[in-house]
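Trainee: Fold the stuff below for me.
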Amino acid sequence: MPNKIDELLPTAKEIQKQAAIKEAEKADQQARLIAAAEAEERALIESLSKPSGLSEDDKIRLAATVIQRAVRNGLSEVQVYRFPNSLCTDRGRAVNQQEPGWEKTLTGIPREIFQLWSDYLKPRGYRIRYQIVDFPGGMPGDISIVIVWGN
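Mentor: Next up is the predicted model:
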């Protein structure tokens with residue numbers, strides 16, 4: 001039986017070695033997943049920081065469609081976009097404080113939406129609201145853009 005026990009029951013050191021290998025594999029897998037998620041986030045932010053490529057007519061049609069759908073659903077405002085604070089040159093600080101000129105901190109698509117509102121929606125009585133919608137770790141996080149037509 002003593003020979004057989006060695007085959008059936010590994011030593012504590014062998015088990016520790018196997019556990020360490022498994023932990024290293026898990027850590028490696030986790031590091032790969034984190035790196036992939038970070039790369040995906042960087043690519044998304046990169047694409048959002050560039051102009052959308054839509055024509056003015058397409059932008060107006062899209063805005064009209066979104067607004068009409070919200071009206072049919074009985075709403076008086078609609079969130080049209082949500083974006084990471086990294087698309088603001090100050091990471092959302094001026095938006096959070098609603099400082100005069102906060103719109104100058106916008107880049108990419110959030111800036112395009114503001115410009116569309118300024119050029120076409122504002123003269124027709126629509127309002128726009130940019131606001132921080134979460135505060136991870138107590139710091140400004142994502143920002144939402146809401147178009148408002150009701151009281």
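
Trainee: which helix in this protein runs the most residues?
Mentor: In terms of residue count, the longest helix belonging to the chain (DSSP state H) is helix 12-48.

Trainee: Please enumerate the helices of the chain.
Mentor: Counting by DSSP H, the helices of the chain are 2-8, 12-48, 56-72, 93-97, 108-116.

Trainee: Among the ones you listed, which comes closest to Arg82?
Mentor: Arg82 lies closest, by C-beta to C-beta, to one member of the helices of the chain: helix 108-116, at 9.7 Å. C-betas here are computed from N, CA, C, even on glycine.

Trainee: how far away is Ala39 from Glu7?
Mentor: Distance, Ala39 to Glu7, by C-beta to C-beta, to the nearest Å: 46 Å.

Trainee: One more: Lys13?
Mentor: For Lys13, the distance to Glu7 - C-beta to C-beta - is 16 Å.

Trainee: cool, and Gly138?
Mentor: 57 Å.

Trainee: Please apply the same query to Glu40.
Mentor: Applying C-beta to C-beta to Glu40 and Glu7 gives a distance of 47 Å.

Trainee: Could you do Arg124 as well?
Mentor: Distance from Arg124 to Glu7, by C-beta to C-beta: 82 Å.

Trainee: before we move on, the earlier item: Glu40 and Glu7 - which one has more neighbours?
Mentor: Glu40 (10 against 7; other C-beta atoms under 10 Å).

Trainee: Mind pulling up the pLDDT for that one?
Mentor: As predicted, Glu40 sits at a pLDDT of 72.

Trainee: List the contacts of it.
Mentor: Contacts for Glu40 were tallied using C-beta atoms under 8 Å, 6 or more residues apart in numbering; there are none.

Trainee: for Leu121, same thing?
Mentor: So Leu121 contacts 63, 128, 147 (C-beta under 8 Å, 6+ apart).

Trainee: Tell me the most packed of these, by neighbour count.
Mentor: Ile147 (21 neighbours).

Trainee: That one touches Arg127, doesn't it?
Mentor: Yes. Judged on C-beta atoms under 8 Å, Ile147 makes contact with Arg127 at a distance of 7.5 Å.

Trainee: list the residues that contact both of these two?
Mentor: In contact with both Ile147 and Arg127: no residue, using C-beta under 8 Å, 6+ apart.
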